[in-house]
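> My questions concern the predicted model and sequence given below.
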Amino acid sequence: MDAMYIKPFIASISNVFSTMMQLPVKVGEPFVKPGEGPSSDVSGIIGMSGDVIGSVVLSFSNPTAENIVALFCGQKYAAGSPDFADAIGELVNMVSGGAKALFKDRKVSISCPSVVLGANHIVAKQSDVPTVVIPCVTDCGTVNIEVSIKDTRAAAANAAGAAAKA
Amino acid sequence: MRILLVDDSKTMRNIQKAVLAQLGHTDVLEACDGQDALSKAPAFKPELMLVDWNMPNMDGLTFVKTWRQQNKSTPIIMVTTEAEKSRVIEAIKAGVNNYVVKPFTPDLLSQRIQETLQRAAAQAAAQPAPTAA
């Protein structure tokens, strides 16, 4: 996956966490997720469509998610409560929305967020798109952004180029 | 002042309500999407609306376009993650008066609310009073 689709997520999560929670984020080295391994305890999921398609997942352990939601909402909610899920959904919404605004010359829409809870659940993604994991370390714990997206315009241009060569 | 808050996220509604309370606005009605807002707004007669863009059932842009067919003057602030310039232009064309991109600081939201209300008051004052037939 092109770095032009990773950097916006790094910029966006830093902006969201610092603006809404005054929580600094230290970003680790992104890596390709081997296979469809499990995420953590809590996943906030957003779909992308348009010139870029795929999904973005914010993945947290329960204690990390509870700490971050408490900072975001100003009060503690138990993992699994409707307010907790709502807050996780809004966080992934803001991170994805901020990132897509930084995609150059690409028109992208985002879905309403979904939240999945449960230890070691698997978020199935498109099989032909690698998932890049961006580890984000905070004082509340580590949040992983799992980006699994494909540039449909670039893919169409590549296919047209290959057809012209053949 | 009656304020209608339209956002599918209760978390965001709570954050915005806290900012409104700091500004002294407590007459706030909440709606969870555009359809809900359309059903509540006519009776509530809001004097300001804060509207999210991406919501289930009816998105904020569709709500604004629909509301503007019956009411041209209610000040509307779009509060959304949609940050692209083209989106802002689309929203302004639909009838939005001001725009706040999430994430926002309480200070920024307060500032946009105050400037929107000031502009609306200035426009209302500039309009000629209706004359008797």
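Done, it's in.

> in the chain, what spans have low per-residue confidence?
In the absence of a named chain, chain A is used. Per-residue confidence for chain A (pLDDT under 70) gives these ranges: A:1, A:166.

> try again with chain B
B:129-133.

> what does chain B have sitting close to chain A?
By the rule C-beta under 8 Å from any C-beta of the partner chain, the part of chain B lying against chain A is B:8-12, B:14-15, B:18, B:54-56, B:80-84, B:86, B:102-105. Where you see a C-beta, it was placed from the backbone N, CA and C, and this is true even at glycine.

> How about chain B: which residue is closest to chain A?
Chain A sits closest to B:Thr81 of chain B, with a gap of 2.5 Å, by C-beta to the nearest C-beta.

> Helix, strand or coil: sort out the closest residue to that residue other than its chain neighbours for me.
Once flanking residues are discounted, B:Thr81 sits nearest to A:Gly97: 2.5 Å by C-beta to C-beta, 6 or more residues apart in numbering or on different chains. Three-state assignment for A:Gly97 (DSSP: H, G, I helix; E, B strand; the rest coil): helix.

> which residues does A:Gly97 contact?
Neighbour list for A:Gly97: A:Ser12, A:Ile110, B:Asn54, B:Thr80, B:Thr81, B:Glu82, B:Ala83, B:Lys102 [criterion: C-beta atoms under 8 Å, 6 or more residues apart in numbering or on different chains].

> Over to A:Thr142?
Contact analysis of A:Thr142 by C-beta under 8 Å, 6+ apart lists A:Ser61, A:Thr64, A:Pro135, A:Cys136.

> Can you tell me the SS state at it?
The three-state assignment at A:Thr142 reads strand, by three-state DSSP.

> From chain B, how far off is it?
20 Å (C-beta to the nearest C-beta, to the nearest Å).
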